[in-house]
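Peer 1: No letters, just coordinates:
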């Protein structure tokens, strides 16, 4: 059976911020960025599970800096941990001004995806195998965030 390593779920996606992507201030629309983040994270989840994956939750979506028109946006996504049918994917967004070479992390988020079959029913996914100290740290932190997610969900219901 194929082993599912964290490194195999890495996704890097690049977008150029065009006028249609921005608000009146020339900044990237938050909704457009969230769409890009969702796509990058879904590809990462699907790479891990070899299944169609749907977004179940978005946690800790943080906007640190605005992204300007003309900047290049790099989205990096990776599966932190796989559970029974769901997985946590972290997404980091980096904006680059290609005229100055300045790069900065502008956004981060943790997103939960569920693998589904052709009928939309959740299906079991393989365990993910961390190999580095950082991957193991992320694996453990993902479990703690999941506990908080489930506690919040229980409180809402």
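Peer 2: All right, it came through fine. Computed from a predicted structure; not experimentally measured.
Peer 1: mind listing the strands in the protein by residue range?
Peer 2: 11-16, 52-63, 72-82, 86-96, 103-116 (DSSP state E).
Peer 1: out of those strands, nearest to residue 24?
Peer 2: strand 52-63 (17.2 Å; CB to CB). Bear in mind the C-beta positions are built from the backbone N, C-alpha and C, glycine included.
Peer 1: Direction included, what does the closest one pair against?
Peer 2: Strand 52-63 has the following strand partners under DSSP bridges: strand 103-116 (antiparallel).
Peer 1: rounded to a whole number, what's the mean pLDDT of the strand it pairs with?
Peer 2: Mean pLDDT, computed over strand 103-116, is 98.
Peer 1: Run the angle between it and strand 72-82 for me.
Peer 2: 40 degrees (axes from the mean of the first three to the mean of the last three CA atoms, to 10 degrees).
Peer 1: Run through the residues that contact residue 45.
Peer 2: 9, 53, 79, 87, 89, 113, 115 (CB atoms under 8 Å, 6 or more residues apart in numbering).
Peer 1: Any chance of JSON lines for those, columns distance to residue 40 and neighbour count?
Peer 2: Listed next are the contacts of residue 45 as JSON lines, based on distance: CB to CB, whole Å; neighbours: other CB atoms under 10 Å:
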{"residue": "9", "distance to residue 40": "11", "neighbour count": "22"}
{"residue": "53", "distance to residue 40": "12", "neighbour count": "25"}
{"residue": "79", "distance to residue 40": "12", "neighbour count": "29"}
{"residue": "87", "distance to residue 40": "14", "neighbour count": "28"}
{"residue": "89", "distance to residue 40": "8", "neighbour count": "28"}
{"residue": "113", "distance to residue 40": "11", "neighbour count": "28"}
{"residue": "115", "distance to residue 40": "17", "neighbour count": "24"}
